[in-house]
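Peer 1: predicted model and sequence below, questions to follow.
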Amino acid sequence: MADIVLPPQVTATLGDKWVTFANALTRAIHNLTLGEKRLIAACIAQVKSDAPVPRADEPEKKTYTVTADQYAELYGVKKETAYSQMKENQATLWKKEIQVIEKTGKKGRKVRWVQEIQYNDGEASVTLMWTDMMCTVLFNLRKEFTTYRLRHGAQFTNKYTWDLFDMLAMWRRAGKFTINVDELRDKLNVAESQRKNYKELRTRVLEPAVAEIHEKNGLVVTIEERKKGRKVVELAFSWEADPQTELNF
């Protein structure tokens, strides 16, 4: 009898995993720098988003590690660059806060992204443990969440591109969304000059982001400007896949 030859096991890379988080986290994740977001996204992609929220006595279920090798491959940087970026980003991430506003809109509290974080010098990796609040927006997700393969965001070199891509992913089923210009400025946390001047917002934030999304992911994004008098007050976004690409968005 001939031996049965089994096909080789295919192991999904980190880039093939899905970044999934509750829509409530969107504004906070847009307040991260590109480097911080790269580190956070690589850890979120390892979370099983439909799993129960970890209990207080289950720290291992909210602890994740990213190696320099994974980071370098995922973000297209040299291993030495991955070392330095990860070390720097874990230090600044530790200080980052999230402003949580209660449903009444009257009271707020500050929480952190991570309960613990460390750069493992000898192993060239970063290990973090999510705070309890973060667990509520990463685990047991059933509705109102954003999701996409990590490699679709990892290609971006512009922070605003990735942030806008998050918004497209959030509205993926509809294929369009409309947003007030001032609200968009707040969500993207743009510079003061782009808050005061719409032309600055369009030429320095939106147009480069739309161009990079098309270049890297093959989505053709259209922005319709809606005016009140002479002032642009609202933007309508719509998008479709470029037929020459194979993006599974």
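Peer 2: It's in.

Peer 1: residue 210 and residue 223 touch, don't they?
Peer 2: Yes. Counting by C-beta atoms under 8 Å, residue 210 sits close enough to residue 223 to count as a contact (6.9 Å). Any C-beta I mention is one placed from the backbone N, CA and C, and that applies to glycine too.

Peer 1: of these two, give the one with the bigger neighbour count.
Peer 2: Legend: neighbour count by other C-beta atoms under 10 Å for residue 210 and residue 223, higher for residue 210 (21 against 13).

Peer 1: nearest residue to residue 147 other than its sequence neighbours?
Peer 2: residue 20 (4.1 Å; C-beta to C-beta, 6 or more residues apart in numbering).

Peer 1: that neighbour contacts residue 44, correct?
Peer 2: Yes. With contact defined as C-beta under 8 Å, residue 20 counts as touching residue 44 (7.1 Å).

Peer 1: what sits in contact with each of these two?
Peer 2: Shared contacts of residue 20 and residue 44, defined by C-beta atoms under 8 Å, 6 or more residues apart in numbering, are found at residue 138.

Peer 1: of these two, who's got more company?
Peer 2: residue 44 (23 against 20).

Peer 1: tell me how far that one lies from residue 181.
Peer 2: Distance, residue 44 to residue 181, by C-beta to C-beta, to the nearest Å: 29 Å.

Peer 1: let me see the contact set for residue 85.
Peer 2: 35, 38, 71, 77.

Peer 1: let me know the helix or strand that the residue nearest to residue 147 is in.
Peer 2: Following DSSP states H and E, one finds residue 20 within strand 18-22.

Peer 1: residues of that strand that come out buried?
Peer 2: If you call a residue buried by 16 or more other C-beta atoms under 10 Å, then strand 18-22 has these buried ones: 19, 20, 21, 22.

Peer 1: what lines up beside the lowest-mean-pLDDT helix or strand in the chain in the sheet?
Peer 2: In the chain, no helix or strand scores lower on mean pLDDT, DSSP states H and E than strand 97-101, which sits at a mean of 79. Partner strands and pairing direction for strand 97-101 (DSSP bridges) are strand 108-112 (antiparallel).

Peer 1: residues making contact with the partner strand?
Peer 2: 94, 96, 97, 98, 99, 100, 101, 102, 131, 133, 134.

Peer 1: which of those sit farthest apart?
Peer 2: For those, the maximum inter-member distance is 25.1 Å, found between 94 and 102 (C-beta to C-beta).

Peer 1: the two: which has the busier surroundings?
Peer 2: Between residue 94 and residue 102, residue 94 has the larger neighbour count (other C-beta under 10 Å), namely 14 against 9.

Peer 1: now do the contacts for the residue nearest to residue 147.
Peer 2: 44, 47, 49, 138, 141, 145, 146, 147.

Peer 1: between the contacts of strand 108-112, identify the one with the most neighbours.
Peer 2: Neighbour counts for the contacts of strand 108-112, by other C-beta under 10 Å, peak at residue 134, which reaches 26 neighbours.

Peer 1: show the contacting residues for that one.
Peer 2: Residue 134 sits next to 62, 111, 113, 114 when contact means C-beta under 8 Å, 6+ apart.

Peer 1: okay, the buried residues of strand 18-22 in a markdown table with distance to residue 55 and pLDDT next?
Peer 2: Below are the buried residues of strand 18-22 laid out as a markdown table (distance: C-beta to C-beta, whole Å; pLDDT from 0 to 100):
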| residue | distance to residue 55 | pLDDT |
| --- | --- | --- |
| 19 | 24 | 97 |
| 20 | 21 | 98 |
| 21 | 20 | 97 |
| 22 | 19 | 96 |
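
Peer 1: can I get the contacts of residue 85 in a markdown table with distance to residue 228, pLDDT and secondary structure?
Peer 2: Listed next are the contacts of residue 85 as a markdown table, based on distance: C-beta to C-beta, whole Å; pLDDT from 0 to 100; DSSP: H, G, I helix; E, B strand; the rest coil:
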| residue | distance to residue 228 | pLDDT | secondary structure |
| --- | --- | --- | --- |
| 35 | 38 | 96 | helix |
| 38 | 38 | 97 | helix |
| 71 | 45 | 97 | helix |
| 77 | 44 | 96 | coil |
